[in-house]
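Student: Quick one, fold the following:
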Amino acid sequence: MCNFETDKNIWLYEDYVKEDKAATRKLFLDRMKEDVKVHDFIISRKKDERKISVGMAYIWSYNDYRKSWEIGYALLLDHQKFGYGIESASLLLKFGFEELKAHKIVGMCNSENIGSSKIMQRIGMRREEIFREELFCNGKWTDQCFFSILDKEYFDNRR
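Tutor: Numbers count the residues shown, from 1 in each chain. You can find the predicted model right below:
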């Protein structure tokens, strides 16, 4: 997970990428010890009876009082556009609504990250807002898109 989290090639559309692997490792170890409202997953695929890590997925408490959670995901470049993002994000929604009893799940992405925007729309999330020049990324200010889905929309879509 530390290698994924600190790999700048994965986080092309983020304004900040952690560089210190030791500190990142400590962060993940601390999360496992504490009762924090963050769930980290490694996305893997099976190939020739072995698992290959292809990315990461997260869900964390966005607003505890409002029962809102935020999702995030990142895939290695060689494993993008094979459906792993959609499958992972769908599983995050399932986990969030069915296990964590979320009322609302949100997701955000750099407006230039068309792939992530498409994934959130494909899994039933609605673009709510665009935050203008929210991120300083790759030497320029960029907008950030905000998506969400409510529990009733998720369960209606499942029927």
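
Student: And the strands in the chain, which stretches?
Tutor: Remark: strands assigned in the chain by DSSP state E are 38-47, 50-63, 68-75, 104-110, 126-137, 140-150.

Student: Tell me which of the ones you listed sits nearest to residue 27.
Tutor: If you check each of these against residue 27 by CB to CB, strand 38-47 wins as the nearest, at 9.7 Å. For every residue, glycine as well, the C-beta is placed using N, CA and C.

Student: Which strands or helices does that closest one pack on?
Tutor: The contact analysis (3 or more CB pairs under 8 Å, 6 or more residues apart in numbering; DSSP states H and E) places strand 38-47 against helix 21-33, strand 50-63, helix 84-94.

Student: coming back round to it: save the strands of the chain as JSON lines, and put in mean neighbour count and distance to residue 86 too.
Tutor: Conversion of the strands of the chain to JSON lines gives the following (neighbours: other CB atoms under 10 Å; distance: least, CB to CB, whole Å):
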{"stretch": "strand 38-47", "mean neighbour count": "14", "distance to residue 86": "11"}
{"stretch": "strand 50-63", "mean neighbour count": "17", "distance to residue 86": "11"}
{"stretch": "strand 68-75", "mean neighbour count": "22", "distance to residue 86": "10"}
{"stretch": "strand 104-110", "mean neighbour count": "23", "distance to residue 86": "13"}
{"stretch": "strand 126-137", "mean neighbour count": "14", "distance to residue 86": "16"}
{"stretch": "strand 140-150", "mean neighbour count": "18", "distance to residue 86": "14"}
